[in-house]
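Undergrad: pasting a predicted model and its sequence here:
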Amino acid sequence: MDNRIDINMDINTYIPGKIICVGMNYRSHVVEQDGRFPSKPVLFSKATSCVIKDGESIIYPPQVEELDYEVELAAVIGIKMKDINPEDAVRYIYGYTIMNDITARDIQQNENQWYRAKSFDTFGPIGPMVASPEKIPDPGNVNLRSYVNGELRQDGNTGDMIFGVYELVSYISKSITLYPGDLVSTGTPSGVGVFSKGKKLLMPGDEVVCEIEGIGRLTNKVVSHAALQGRAT
């Protein structure tokens, strides 16, 4: 049985089988934190139920006080992948999309795990499309940016990664089987809100745009949970 992902996959109906993310994977982002460079990839997961698409709203939960954005290049796995070496990894990638790794910073910093802070409903915008590997022939040299209300916040290049895309998916496959449709999000460059001067965090009403060359622009607005409740009554 062919285990390749459907080549006609629709981003609007796509839900990853699992989401594996990489923390502290850009040198600039490590420097803006504490300067402690990881010797191996720092992995964490997000709940698949947090996924939303381009144009959908990010809900600001009442439990959260510090909401942040992170533009990330994400690889969509196309073929079952187990114990694959980095030099062979390109054959197993279906394509690339954008993930905005929305994070509740106060919860992340106050708990001993990141899963809840990263997995609130709507905390996983992805899109606006899945670009083929032909459109991104070198994932190690791709520009990525984020904007909040039109203001440039992040401006980086994947060449700043500590662990490259192929190295990451290979590393994961050595211990966790990756299946068609799984998503590996590869980290974010400097410029996130929590480490910006004055803490430029997200607020209800903000519009966040994440942009990666070869893929496009992922746009989502932040709405308060209270406003949604009011809209429903």
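TA: That came in fine, so what should we check first? Numbers count the residues shown, from 1 in each chain.
Undergrad: any idea what the residue nearest the centre of the chain is bridged to?
TA: Taking Cα atoms, centre = their mean, the centroid of the chain lies closest to residue 99, which sits 3.3 Å from it. Counting by DSSP bridges, residue 99 forms beta bridges with residue 72, residue 126.
Undergrad: so what's it up against?
TA: 21, 72-74, 124-126, 183, 185, 210 (Cβ atoms under 8 Å, 6 or more residues apart in numbering). Yep, even glycine has a C-beta here, placed from its N, CA and C like the rest.
Undergrad: what about burial for these, which qualify?
TA: Neighbour-count burial (16 or more other Cβ atoms under 10 Å) applied to the contacts of residue 99 gives 21, 72-74, 124-126, 183, 185, 210.
Undergrad: backbone dihedrals for residue 160, please?
TA: phi -90, psi 0 (degrees, to the nearest 10).
Undergrad: now the spatially closest residue to it that is not a sequence neighbour: how far from residue 152?
TA: Once flanking residues are discounted, residue 160 sits nearest to residue 26: 4.8 Å by Cβ to Cβ, 6 or more residues apart in numbering. Residue 26 is 16 Å from residue 152, where distance means Cβ to Cβ, to the nearest Å.
Undergrad: what about these two, which has more around it?
TA: More crowded of residue 26 and residue 152, by other Cβ atoms under 10 Å: residue 26, with 25 against 12.
Undergrad: would you agree residue 149 is in contact with residue 202?
TA: No. When contacts are counted by Cβ atoms under 8 Å, residue 149 is not listed as touching residue 202 (9.9 Å).
Undergrad: more neighbours: the two, which one.
TA: With neighbours defined as other Cβ under 10 Å, residue 149 and residue 202 compare such that residue 202 has more, 22 against 13.
Undergrad: residues contacting that one?
TA: Residues in contact with residue 202 (Cβ under 8 Å, 6+ apart) are 58, 60, 67-69, 102, 148, 193, 208, 222.
Undergrad: same question for residue 136.
TA: Contacts for residue 136 (Cβ under 8 Å, 6+ apart) come out as 96, 142, 214-215.
Undergrad: can you tell me which of these are buried?
TA: Neighbour-count burial (16+ other Cβ under 10 Å) applied to the contacts of residue 136 gives 96, 142, 214-215.
Undergrad: quick one: mean pLDDT over stretch 59-72.
TA: On average, the pLDDT along stretch 59-72 is 97.
Undergrad: how far does it sit from its chain's centre?
TA: Counting by Cα atoms, centre = their mean, to the nearest Å, stretch 59-72 is centred 14 Å from the centre of its parent chain.
Undergrad: likewise stretch 213-221?
TA: Worked out by Cα atoms, centre = their mean, stretch 213-221 lies 12 Å from the chain centre.
Undergrad: what lies in contact with that stretch?
TA: By Cβ under 8 Å, 6+ apart, stretch 213-221 touches 52, 54-58, 96-98, 100, 125-129, 131, 135-136, 142-144, 205-211.
Undergrad: quick check: buried residues in it?
TA: 214-216, 218-220.
Undergrad: any chance of those residues in a markdown table with distance to residue 161 and pLDDT as columns?
TA: Output for the buried residues of stretch 213-221, formatted as a markdown table (distance: Cβ to Cβ, whole Å; pLDDT from 0 to 100):
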| residue | distance to residue 161 | pLDDT |
| --- | --- | --- |
| 214 | 16 | 97 |
| 215 | 16 | 97 |
| 216 | 21 | 98 |
| 218 | 19 | 98 |
| 219 | 24 | 98 |
| 220 | 24 | 98 |
